[in-house]
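Engineer: Dropping the sequence and predicted coords here.
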Amino acid sequence: MKKYLLLFFVSTYVFAQNKTLEQKVDSVLALMTLEEKVGQLVQYSAGWDTGTKTREPKEGHEELIRQGKIGSFLNIIGVEQTRRLQKIAVEKSRLGIPLIFGLDVIHGYKTTFPIPLAEACSWNPDLVELSARVQAIEASAAGVNWTFSPMVDIARDPRWGRIMEGSGEDPYLGSVMAAARVKGYQGKNLKDDNTILACAKHFAGYGAVEGGKDYNTVDISERTLREIYLPPFKAAVDAGVGSLMSAFTEIGGVPSSANKLLLTQILRNEWHSDAFVLTDWNTIGEFLVHGIAHDLKEATKIAIEASIDMDMESNGYHLYLAELVKEGKVDIKYIDDAVRRILKAKFKLGLFDDPYKYCNPEREVKVTLGEDLRRAAKQVALESVVLLKNENNLLPLNENIKSIAVIGELAASKEDPLGPWAQQGIPETVVSILEGLKNKVGNRIKINYAEGCKVDSEDKSRFEEAIDAVNRSDVAIVVIGETRDMSGEAHSRATLDLPGVQEELIKEIHKTGKPVIAILMNGRPLTINWVSENIPAIIESWYLGCEHGSAIADLLFGDFVPSGKLTVTFPKGVGQIPLYYNHKNTGRPYNPENPRFTSYYIDFSLEPLYPFGYGLSYTTFEYSNLKLKTEKIKAGDFVKFSVDVTNTGKYEAKEIVQVYIRDLVASVTRPVKELKDFKKINLKPGETKTVEFELPTERLKFFDINMNYSLEPGRFKLMVGPNSKDLLETEFELIN
Ligand code: BGC
């Protein structure tokens, strides 16, 4: 009876139409006991049965839902399961507050899209938004209402396995992609039943782990943190992201989940965000391992006081938070603020109106793995590919060829194209490169497949078979790279060479004298120096998801012209790392005429193998006529300029026009180049377009000598071109 009275109270007072969101949240908060408040801050994972692959709440957790002591789950999937648990929360707990179900939908739920690094290489935010939108449509139909994505960590070190999960090395491009993904996941209105809450992670600086070793120490200056690593988070916040996840790592001695500078000062006080913050897995528990807390209770106090709202899996909040408040050791205001932020998200998702809005079994069946989702995945895959080399226009392939040798374990793999973090991706849904080619050519062209070698094995016994297949063919397509478990979380590498004997295999194939095309399938830049020098055509395909093979086949035959460009620098050797385009000049930049006492290596090149922004097309483009509207620009105005781009080749194609600036003299040193804008345009053969830009001077701001984010007047170099190296230049002056 008491329960029904309460529910009546909730529905009468809380949902009154004329209340603001804040008032609704506060009226729920007013009903909650301390234990129920803490419950909203607790998240647990489903348990896994690796045999049956079923996921159920762990023992005792259903009872905790009944008691109002769990606010969220991760890794519970499917309408049946989410509905069942939601029913317990809504109908059996005292206040009936709905649960939220989080999941790592990183590049797809079941329909797998390209890995985020690949998608970023499209330089097409609309397409990236579409990808996130479609992922949300599929995940939301399966009971999931919150994704732990986008991962917006800037990565300057390709050894770091998680580089595949972000958008690359550039803060501007990373920000554009972060906003696009948030918009895609969250849609126009979170109340719609096919939108899900996004989560910008990992706040912050995780990509700067020393030596590229996952979970390692991060020690960067506040300036680098703010200028390089934080902008994509700020962009996600500005796009209305509903949540953030703190990182595993420390910065300068303070683990992220304890970091008041990040969580309180920057996120709350400077950015005025009310998105709630969830920890990464057990990071509160890891305070003990870091050595900043004696026990879990102390760790819990540190986390809540730093403004961590939800505890993923450490148990600290569940076990100690209420006790800490009762003992007077933690102020209840921290808990109230955290609960408010979480309830707000639940209200925004519309869960108080309809807690079962994600639990429709017919919708789940209808939407999951739909043809329209696949079509979107292919569209995104096509633009994610980067053509690295194409000597003598070997590509696209001539329709008159009679036979193709397809070589490599990865060529036939239906698992690897899914990439790391493939969530519920199913190998059987994947079109391998071999299948894609076979589907494309039917009986017209003979395909001779041979594995040659495994990706990660020293066994060369099957080289002969591969060489024989090549000798019997007009052209060889060799697919080399990494298996999908060689990148991703906890999969850092100390070398970036092709694993196993793949390089030896392609060397042997090259000796046959047949034209060879190398297709890379990998989650990070690789030091493929020999391949780059000797193989006439090279395609970077990353992991493209379920349509990998069909997209590659379209590109190989010119049904689609490659248009992707790298969003991360390819080094020539691990010793060059970190190697990124937006570096500082130093007081002694390399002087090739007299290198002594300048900044260089006595034993290795300074040049990247492929620079940031690089990528070819089947056509060629010429840039000319970089023209400023005016040379003196007032702070607050726009830098207006245009450049002519001409398609000088034979194919209609897309080109990514990139804009960089350099602040020539400032109160602190500035990078030699910084990407500030770009446009993806389409040009017919022979066509010239005058591409106009209006760059807000706001984008010229930086953290000055006093750490104020400000505009400093002075001269700037403006550079425009097809990549970060080959640029037209002019100068302008910013005046007050
Ligand atoms: C990862 C997160 C992920 C979480 C939940 C952690 O190991 O670092 O990115 O969201 O697991 O699966």
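Structural biologist: All right, it came through fine. Numbering: from 1, shown residues only.
Engineer: Spit out the contact partners of the residue in the stretch 51-200 of the chain that the ligand sits nearest to.
Structural biologist: Proximity of the stretch 51-200 of the chain to the ligand (C-beta to the nearest ligand atom) peaks at F148, 3.6 Å away. (Glycine included, C-beta is placed from N, CA and C.) Going by C-beta atoms under 8 Å, 6 or more residues apart in numbering, F148 touches 74, 102-106, 199, 201, 245.
Engineer: could you dump those residues to a markdown table with distance to N392 and pLDDT?
Structural biologist: As requested, these are exported to a markdown table (distance: C-beta to C-beta, whole Å; pLDDT from 0 to 100):
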| residue | distance to N392 | pLDDT |
| --- | --- | --- |
| L74 | 52 | 97 |
| G102 | 51 | 98 |
| L103 | 47 | 98 |
| D104 | 44 | 98 |
| V105 | 43 | 98 |
| I106 | 39 | 98 |
| C199 | 47 | 99 |
| K201 | 45 | 98 |
| M245 | 48 | 99 |
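Engineer: who touches S403 in this structure?
Structural biologist: For S403, the contact set (C-beta under 8 Å, 6+ apart) comprises 445-448, 472-475.
Engineer: Farthest-apart pair in those residues, please.
Structural biologist: Of all pairs drawn from the contacts of S403, the greatest distance, 12.7 Å, lies between I445 and R472 (C-beta to C-beta).
Engineer: So these two - more neighbours on which side?
Structural biologist: Between I445 and R472, I445 has the larger neighbour count (other C-beta atoms under 10 Å), namely 20 against 13.
Engineer: Distance check, that one against N591.
Structural biologist: Distance, I445 to N591, using C-beta to C-beta, to the nearest Å: 53 Å.
Engineer: Buried residues, stretch 204-211. List them.
Structural biologist: Residues of stretch 204-211 classed as buried: 204-209 (neighbour count, 16 or more other C-beta atoms under 10 Å).
Engineer: Return the residues in contact with the closest residue to G523 other than its chain neighbours.
Structural biologist: Excluding the flanking residues, the one nearest G523 by C-beta to C-beta, 6 or more residues apart in numbering is S487, at 2.9 Å. Counting by C-beta under 8 Å, 6+ apart, S487 makes contact with 161-164, 420, 493, 522-524.
Engineer: again, but for L64
Structural biologist: Contacts of L64 by C-beta under 8 Å, 6+ apart are 39, 42, 44, 70, 318.
Engineer: Could you pick out the residues of this structure near the ligand for me?
Structural biologist: Taking C-beta under 6 Å from any ligand atom as the contact definition, the chain meets the ligand at 74, 104, 148, 201, 280-281, 489.
Engineer: Mind jotting down where the helices sit in the stretch 301-450 of the chain?
Structural biologist: Secondary structure of the stretch 301-450 of the chain (DSSP state H, counting those that start in this stretch): helices located at 316, 322-326, 332-348, 361-367, 371-384, 409-412, 433-441.
Engineer: can you put those in CSV and add mean neighbour count, mean pLDDT and distance to Y229?
Structural biologist: Shown next, in CSV, are those (neighbours: other C-beta atoms under 10 Å; pLDDT from 0 to 100; distance: least, C-beta to C-beta, whole Å):
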stretch, mean neighbour count, mean pLDDT, distance to Y229
helix 316, 30, 98, 26
helix 322-326, 17, 98, 32
helix 332-348, 20, 98, 23
helix 361-367, 15, 98, 36
helix 371-384, 21, 98, 24
helix 409-412, 24, 98, 32
helix 433-441, 21, 98, 35
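Engineer: how about a markdown table for those helices, with distance to Y660 added?
Structural biologist: Putting the helices of the stretch 301-450 of the chain into a markdown table (distance: least, C-beta to C-beta, whole Å) gives the following:
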| stretch | distance to Y660 |
| --- | --- |
| helix 316 | 46 |
| helix 322-326 | 51 |
| helix 332-348 | 38 |
| helix 361-367 | 42 |
| helix 371-384 | 22 |
| helix 409-412 | 35 |
| helix 433-441 | 35 |
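Engineer: re earlier: which of the residues of the chain next to the ligand sits closest to V645?
Structural biologist: Nearest to V645 among the residues of the chain next to the ligand, with distances taken as C-beta to C-beta, is K201, at 36.6 Å.
Engineer: Within the helices and strands, which one has the closest one?
Structural biologist: Using DSSP states H and E, K201 falls within strand 199-203.
Engineer: ditto for N625
Structural biologist: Taking DSSP H and E as the definition, one finds N625 inside strand 621-628.
Engineer: Could I get the average pLDDT for that strand?
Structural biologist: The pLDDT scores in strand 621-628 average 98.
Engineer: Tell me the first helix or strand C-terminal of that strand.
Structural biologist: Following strand 621-628 in sequence order, the next helix or strand is strand 632-634 (DSSP H and E).
Engineer: Return the residues in contact with the residue nearest the centre of the chain.
Structural biologist: By C-alpha atoms, centre = their mean, the chain has its centre lying nearest to G166, at 2.7 Å. Shown in contact with G166 (C-beta under 8 Å, 6+ apart): 116-117, 120, 151-155, 174, 207.
Engineer: Kindly indicate the member of those residues with the most neighbours.
Structural biologist: Per-residue neighbour counts (other C-beta under 10 Å) across these peak at V152, which has 35 neighbours.
Engineer: Check what pLDDT that one gets.
Structural biologist: 98.
Engineer: Surely it is in contact with A180?
Structural biologist: No. Under the criterion of C-beta atoms under 8 Å, V152 is not in contact with A180, lying 10.9 Å apart.
Engineer: burial measure for N392, as a count.
Structural biologist: Around N392 there are 8 other residues, counting by other C-beta under 10 Å.
Engineer: next one: the one 3 residues further on
Structural biologist: L395 has 25 neighbours, counted by other C-beta under 10 Å.
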